[in-house]
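**Student:** Below is the sequence, then the predicted model.
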Amino acid sequence: MKNVKVVGVVLIAIAVATAACARASTSLPPTPTAEPPGAPTSTPTEQAPAPTAEPTKEPAGGSETGATQEPTEQPTEQPTEAPGSNDLAGTSWTLTEINGSAPVAGTHFSLTFADTDLSGTACNGFGAPYTASGGNLTVGEIIHTMMACTGPEGIMGQETAYLGALSAAIHYTLAGNQLTLGSEADPSTLVFTAGMPETGSGPEGWPVYRNETFGFEIGYPEGGANPPTGNDTSMRIDLPFTAGTNLQEKYLQIDAHSGATDCASPLTEGYAPGALTPESVTIGGLDWAKVSGSDAGAGNYYDFTAYTTTQGDTCVSLSFMLHSTAAQNYTPPLQEFDRDAESAIFEQIVATFHWLP
C-alpha cells in the first residue's frame, strides 16, 4: 500500500510540475513579445537626445577652457598683423640709365611713388597702380597720354622702352640716393637718382616759366609770335603754329589765384550752367579738370581747351586758345588748319607742369 501511495504522490508531483511548466511556457513568451515593441519605441526615443547633446556639450566645454577656440583665432589674425612695408611710397626719382645706357640727351624722365599709385613723365605723362614690399614690385596697367614728341631724336623709342621696362619690373633695390628696377633676367634695367628732373628745360630743351608767387613751373616751346607777357596772376605765352592756313593765333593763357572756392579757367565765364562739362584726366602724375568750349563773331572763331588743377587753396588753369578766321573770306580762300595737329602739343605742355617744393 505504501508503494502505491508513494507512486501516487510522485505522479501528483509530476503533474504539478508539468502544469507549472505549462503555465510558464504559456506566460513567458508574451513578456519578451510585448516588451521589445514598447522598449524601442519609448526608451530609445527618450534617451536619444542625451547621446546627441552630450557630444555637443563636450566640445563646447572644451572651447570654454580655451583649448579649441584660441588656436582657431590666432592663425586668422596673424597674417593681418604683419603687413609688408612699402619703402617706395613718398619718393620721387629721375631716370639716369636705361638698358645699360644713359637717356637720350635733352630728355627728362621721372618716376614718383604715392601709397598705391605711381606716376611720372617721359615724352607723355603716365600713371599706374603698384605694390612694393621687401624688394618685390608689381606694376599694374600703365595709362599714358598719346602725344607725339618731335624731339629730341629718339625720345619716342626711349619712352616705349622705358614704359615697357617699368611694366615688366618685378624687383627693386634702394641704395642711398639710387633706385634700381628690373626683371628676373635683368635686375638693373632702370636706374634712377633721388629727386625730380632738373627744371629749366622741357622735353625739347624748352624754356620754363617759373611762378614763385603761386609755386609752380611749366615748360613751353619757343617760336611764338611774341614773347610771354603778363604777370604772376595771368600770363600769355604765344605758341608756334603752321603758317599759311586760316589759323591766326595759338597761345597758352596761364591763370593762378588762391583762396577761391571754385577752380576754373576765366575762359569758361559767360557760358550757361551745364553748357561745359569738365572731364577728369591725369597728366604728368597730376589730376586735372579738362574742359573745351568755342565762340564766334564777325568771321572769327575761338576754340579753347582748358586744364585746371589745385594744391591747397591755390588754383592754376592752363587755357589753350586756337583763334581762326573764316577761310572763305579770303581770295583765294585759305587752307583750313589741322585742328588735331595743332592741338597735339597741349597735353605735352601740361605734362611739364609741376608744383615747386
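**Tutor:** Alright, I've got the coordinates.

**Student:** Nearest residue to G223 in space, please, no chain neighbours.
**Tutor:** Excluding its sequence neighbours, the residue lying closest to G223 (C-beta to C-beta, 6 or more residues apart in numbering) is P240, at 3.4 Å. Any C-beta I mention is one placed from the backbone N, CA and C, and that applies to glycine too.

**Student:** pretty sure that neighbour contacts E249?
**Tutor:** No. Between P240 and E249 there is no contact under C-beta atoms under 8 Å: 11.3 Å.

**Student:** Neighbour count for these two, which is higher?
**Tutor:** Neighbour count, other C-beta atoms under 10 Å: between P240 and E249, E249 has more, with 17 against 14.

**Student:** ok now do that one, which residues does it touch?
**Tutor:** Counting by C-beta atoms under 8 Å, 6 or more residues apart in numbering, E249 touches 225, 238, 321-323.

**Student:** For those residues, which entry has the maximal number of neighbours?
**Tutor:** Busiest of the contacts of E249 [other C-beta under 10 Å] is L322, holding 22 neighbours.

**Student:** Just to check, it is in contact with A341?
**Tutor:** No. Because the distance of 11.1 Å does not satisfy C-beta under 8 Å, L322 is recorded as not touching A341.

**Student:** So what sits opposite the spatially most central residue of the chain in the bridge?
**Tutor:** A centroid search over the chain (C-alpha atoms, centre = their mean) returns P129, at 4.4 Å, as the residue closest to the centre. Applying DSSP bridges to P129 yields these beta-bridge partners: D117.

**Student:** same question, the one 4 residues further on
**Tutor:** According to DSSP bridges, the residues that bridge with S133 are N136.

**Student:** Next, count neighbours for L276.
**Tutor:** Around L276 there are 15 residues (other C-beta under 10 Å).

**Student:** which ones are touching it?
**Tutor:** 268, 291-293.

**Student:** quick revisit: let me have the contacts of E249 in TSV, extended by distance to G215, pLDDT and secondary structure.
**Tutor:** Listed next are these as TSV, based on distance: C-beta to C-beta, whole Å; pLDDT from 0 to 100; DSSP: H, G, I helix; E, B strand; the rest coil:
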residue	distance to G215	pLDDT	secondary structure
A225	29	85	coil
D238	24	95	strand
M321	25	96	strand
L322	29	96	strand
H323	30	95	strand
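
**Student:** looking at it, E184 is touching A168, isn't it?
**Tutor:** No. In this structure, E184 is not within contact of A168 by C-beta under 8 Å, at 9.4 Å.

**Student:** Compare those two (neighbour count), which wins?
**Tutor:** Neighbours were counted for E184 and for A168 using other C-beta under 10 Å; A168 has more, 16 against 8.

**Student:** What does the pLDDT read for the nearest residue to that one once chain neighbours are set aside?
**Tutor:** Using C-beta to C-beta, 6+ apart and skipping the chain neighbours, the partner closest in space to A168 is S183 (5.0 Å). Note on S183: pLDDT of 88.

**Student:** likewise the one 3 residues further on?
**Tutor:** At D186 the predicted local confidence, pLDDT, stands at 83.

**Student:** Specify the local secondary structure of A161.
**Tutor:** Classification of A161 by DSSP: H, G, I helix; E, B strand; the rest coil places it in helix.

**Student:** How about the contacts made by G135?
**Tutor:** 171-173.

**Student:** for the residue nearest to G223, what are its contacts?
**Tutor:** 221-224, 250.

**Student:** In terms of helix, strand or coil, where does the closest residue to A105 other than its chain neighbours fall?
**Tutor:** Using C-beta to C-beta, 6+ apart and skipping residues adjacent in sequence, the residue nearest A105 is P152, 6.4 Å away. Of the three states, P152 takes coil under three-state DSSP.

**Student:** where's P152 relative to V208, distance?
**Tutor:** Distance of P152 to V208, given as C-beta to C-beta, to the nearest Å: 17 Å.

**Student:** now do S280
**Tutor:** For S280, the distance to V208 (C-beta to C-beta) stands at 26 Å.

**Student:** related to what we said a few turns ago, could you point out the member of the contacts of G135 that lies closest to M156?
**Tutor:** Y172 (26.0 Å; C-beta to C-beta).

**Student:** Check which helix or strand that closest one maps to.
**Tutor:** With elements taken from DSSP states H and E, the one containing Y172 is strand 171-175.

**Student:** what's near enough to touch N300?
**Tutor:** Contacts of N300 by C-beta under 8 Å, 6+ apart are 248, 323-326.

**Student:** before we move on, the earlier item: can I get the contacts of E249 in a markdown table including distance to A161?
**Tutor:** Supplementary listing: the contacts of E249 in a markdown table, determined by distance: C-beta to C-beta, whole Å:
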| residue | distance to A161 |
| --- | --- |
| A225 | 37 |
| D238 | 34 |
| M321 | 35 |
| L322 | 34 |
| H323 | 39 |
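
**Student:** ok, back up a step: considering the contacts of G135, which possesses the most neighbours?
**Tutor:** Top of those by neighbour count (other C-beta under 10 Å): Y172, with 21 neighbours.

**Student:** With adjacent residues omitted, what lies nearest to that residue?
**Tutor:** L137 (4.8 Å).

**Student:** For the one you found, give me the pLDDT.
**Tutor:** 95.

**Student:** same thing with T121?
**Tutor:** Looking at T121, its pLDDT is 80.

**Student:** and the gap between the residue nearest to T116 when sequence neighbours are not counted and F113?
**Tutor:** In this structure, T116 finds its nearest non-sequential neighbour in P129, 6.0 Å apart by C-beta to C-beta, 6+ apart. Look at P129 and F113: by C-beta to C-beta, they are 11 Å apart.
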